[in-house]
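K.L.:
any chance you can model this:
(one chain, ligands or ions: 1)
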Amino acid sequence: MIQLKEVSKQFPVKRGNQPVTALSGVNIDVQQGEIFGIIGRSGAGKSTLLRMVNGLEKPTSGEVYVDGQAIHHLNEKELRQARLQMGMIFQHFNLLWSRTVWGNVAFPLEVAGIPKDEIEERVKRLLDRVGLKERATAYPSQLSGGQKQRVGIARALANDPKVLLCDEATSALDPETTASILQLLREINRDTGITLLLITHEMSVVRAICQRVAVMDGGSVIELGEVEEIFQRPRHEVTAQFVKQTLLEGAEQPQADAETSVWLQFSVDDWRELLPHLQKEAATNGVRIHLVAGELTVDGAVTVSLEGEPSTVEKVAIRFRERSEKEVTAGVSGS
Ligand SMILES: Nc1ncnc2c1ncn2[C@@H]1O[C@H](COP(=O)(O)OP(=O)(O)OP(=O)(O)O)[C@@H](O)[C@H]1O
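P.N.:
Residues are numbered from 1 along each chain as shown. Modelled structure (predicted):
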């Protein structure tokens, strides 16, 4: 269903420097109905690979096929058609904040010019499928992270795609919510036969849901095979590290009472700029962010709390403060 043949991608950089090789000779063949994982460290080339599949990037060399269609040869108009066959879900959900849950799921159908009656019927069925029937009139800001991702999934399925591309879809969620979203994806795959291509940096996600996995490093696939086989006999050092990470996570399940909370405060002027960095830092470390207080006056301040495993929360807070050029104050709120 998804094929990459000898795909390489180089990004030109400023004069004088070598181009960046993001992908190098990648061969992947995802079968119809399969749940296939791509795992790799930051910079391994995962996002670039996903952008090849949906045609947002063209390979420097090599071929990309989705359901037999040569994505690398399509023009913009043909790509828009081809993308209707590809649903996509994201780490930060990418919902429309001014639209309700219903409006978010209806959006791609409205864009596709589907008649109103049919939109009604489809959105109802999709919300039922993801367990959000009761929240149709809520706005994204009123939903939990897991519910937001359920909206993302319903929206991605609206045009009845053949493949679902998942870009770090559970990386911003706590372990329990992650498990329920993966369960939902598994059920959808079982019930509809949709093919799932899932990008992650967490081996626990791969183990929970994928049948096969490709391990990427430095733009190349360094290992590819059945998930169980790779867990039992990792051949590459990078793979062994990922497997080890999962075993450690399993041995040290975070306890609810082993959590801490740190608060950070910054000026209302700076928060727009700072929040995305903080969100990224927190998400990659499994730390949750809550808005504690905010005063939207000219000289007001916004306070957020970071919650999670103590050493990780501290690490995120310290790294964020060190990297931020703005004034940030911090303190511990206890457990
Ligand atoms: N548009 C671009 N221009 C120049 N270099 C790029 C571009 N996009 C990606 N790269 C580079 O290509 C390499 C692979 O990046 P990519 O984002 O695909 O990795 P990744 O595995 O998805 O990492 P992450 O998990 O951090 O997103 C990196 O060295 C990155 O800096």
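
K.L.:
got any ranges where the stretch 151-300 of the chain has weak pLDDT?
P.N.:
Residue ranges of the stretch 151-300 of the chain with pLDDT under 70: 247-259.

K.L.:
strands of that one, residue ranges please.
P.N.:
163-167, 195-200, 212-217, 220-226, 260-267, 288-294 (DSSP state E, counting those that start in this stretch).

K.L.:
tally of neighbours for the residue in the stretch 101-250 of the chain positioned nearest to the ligand?
P.N.:
With Cβ to the nearest ligand atom as the measure, H201 is the residue of the stretch 101-250 of the chain nearest to the ligand, at 6.0 Å. In this view, the C-beta of every residue, glycine as well, is placed from N, C-alpha and C. When neighbours are counted by other Cβ atoms under 10 Å, H201 registers 18.

K.L.:
for the one 10 residues further on, same thing?
P.N.:
Using other Cβ under 10 Å, the number of residues around Q211 comes to 17.

K.L.:
got the contact list for it?
P.N.:
Q211 is in contact with 34-36, 226-227, counting by Cβ atoms under 8 Å, 6 or more residues apart in numbering.

K.L.:
buried members of these into PyMOL, please.
P.N.:
To isolate the buried subset of these in PyMOL, counting by 16 or more other Cβ atoms under 10 Å, use the following:
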select buried, resi 34+35+36+227
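
K.L.:
filter the contacts of Q211 by proximity to the ligand?
P.N.:
Applying Cβ under 6 Å from any ligand atom, the subset of the contacts of Q211 adjacent to the ligand is empty.

K.L.:
sorry, back to before: can you add distance to L84 and give the strands of the stretch 151-300 of the chain back as TSV?
P.N.:
As requested, the strands of the stretch 151-300 of the chain are exported to TSV (distance: least, Cβ to Cβ, whole Å):
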stretch	distance to L84
strand 163-167	11
strand 195-200	15
strand 212-217	26
strand 220-226	28
strand 260-267	42
strand 288-294	34
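
K.L.:
ok so, going back, let's see which of the contacts of Q211 end up in helices.
P.N.:
V227 (DSSP state H).

K.L.:
nearest to E134 among the contacts of Q211?
P.N.:
Nearest to E134 among the contacts of Q211: I35, at 28.5 Å, using Cβ to Cβ.

K.L.:
once you drop chain neighbours, what's closest to the closest one?
P.N.:
In this structure, I35 finds its nearest non-sequential neighbour in L196, 4.4 Å apart by Cβ to Cβ, 6 or more residues apart in numbering.

K.L.:
bridge partners for that neighbour, pull those for me.
P.N.:
Beta-bridge pairing for L196 (DSSP bridges): I35, L164.

K.L.:
that one reaches L184, doesn't it?
P.N.:
No - the criterion here is Cβ atoms under 8 Å, and L196 misses it with L184 at 11.5 Å.

K.L.:
neighbour count winner among these two?
P.N.:
Neighbour count, other Cβ under 10 Å: between L196 and L184, L196 has more, with 24 against 17.

K.L.:
list the contacts of V123.
P.N.:
102, 105-106, 109, 136, 154, 158.

K.L.:
the residue of the stretch 101-250 of the chain closest to the ligand touches G37, doesn't it?
P.N.:
No - using Cβ under 8 Å, H201 is not in contact with G37; the gap is 10.7 Å.

K.L.:
and the stretch 201-335 of the chain, which of its residues are near the ligand?
P.N.:
Close to the ligand, as judged by Cβ under 6 Å from any ligand atom, the stretch 201-335 of the chain has residues H201.

K.L.:
what segments of the stretch 201-335 of the chain are helices?
P.N.:
Ranges of helices within the stretch 201-335 of the chain are 203-209, 227-232, 237-251, 271-284, 310-323, based on DSSP state H, counting those that start in this stretch.

K.L.:
any chance of those in CSV, with distance to R129 too?
P.N.:
CSV is the format used below for the helices of the stretch 201-335 of the chain (distance: least, Cβ to Cβ, whole Å):
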stretch, distance to R129
helix 203-209, 17
helix 227-232, 26
helix 237-251, 29
helix 271-284, 26
helix 310-323, 34
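
K.L.:
most packed of those?
P.N.:
helix 203-209 (a mean of 22; mean count of other Cβ atoms under 10 Å).
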